[in-house]
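K.L.:
Structure for the following, please:
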Amino acid sequence: MLVTLAESNTYFITRPFSDDWVVMSDSDKTKFLTMASNRIERLPFIGQKEIDDQTTLFPRVIRVRGGGASFSNLPSYSSDYTTVEATPDEVKWAVYEEAFAIFKYMNSEIYKLREQGVQSASRGGLSEAYETYRPVEELMSVMAKSYLRDWLIDRKSTRLN
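P.N.:
This next block holds a predicted model:
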């Protein structure tokens, strides 16, 4: 797992609107954090694992310009490398936010319908349409995606990793 339960408890104590998470059992928190970590670990991170058969995402070797890493603006081409030893805060924050989103939304009727491929539903005089362009396998949390922005391969550019 990319985070510890203790780290997540510290994060959620200071996060607004997370009272339901704070009072949850440690066992349930661990389930959500594990699921979120597993989802995030499947994403295309920049760089490569320092050792090919390591079981964790970090440490990672990342190509950077001038030997110094500026992750908000990674270069397209360079010849120097840096090793990121520990899981960065942004990645940990993404795990927490994804775990919270899984807790809040995965058991919802809308999520279950989308997972089954339903694009719209009607009840009485009300109808709703569900977004169809986002695969269910993607991260649920917009905040998690934002935190990971600089750590994932941008498939639209020629950025080397």
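K.L.:
what's the following helix or strand after the worst-scoring helix or strand of the chain on mean pLDDT?
P.N.:
Least confident helix or strand of the chain, by mean pLDDT, DSSP states H and E, is helix 109-115 with a mean of 66. For helix 109-115, the succeeding helix or strand toward the C-terminus, using DSSP states H and E, is strand 120-123.
K.L.:
how far is that next one from where the chain is centred?
P.N.:
Relative to its chain's centre, strand 120-123 lies at 30 Å (Cα atoms, centre = their mean, to the nearest Å).
K.L.:
likewise stretch 1-17?
P.N.:
14 Å.
K.L.:
And the contacts of that stretch?
P.N.:
With Cβ atoms under 8 Å, 6 or more residues apart in numbering as the test, stretch 1-17 has contacts from 18, 21-22, 26, 29-30, 33-34, 37, 40-41, 56-57, 87, 91-93, 95-96, 99-100. To be clear about C-beta, it is placed using only N, CA and C from the backbone, and glycine gets the same treatment.
K.L.:
Buried members of those residues into PyMOL, please.
P.N.:
Here is the PyMOL selection string for the buried members of the contacts of stretch 1-17, based on 16 or more other Cβ atoms under 10 Å:
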select buried, resi 18+21+29+30+33+37+40+57+87+91+92+93+95+96+99+100
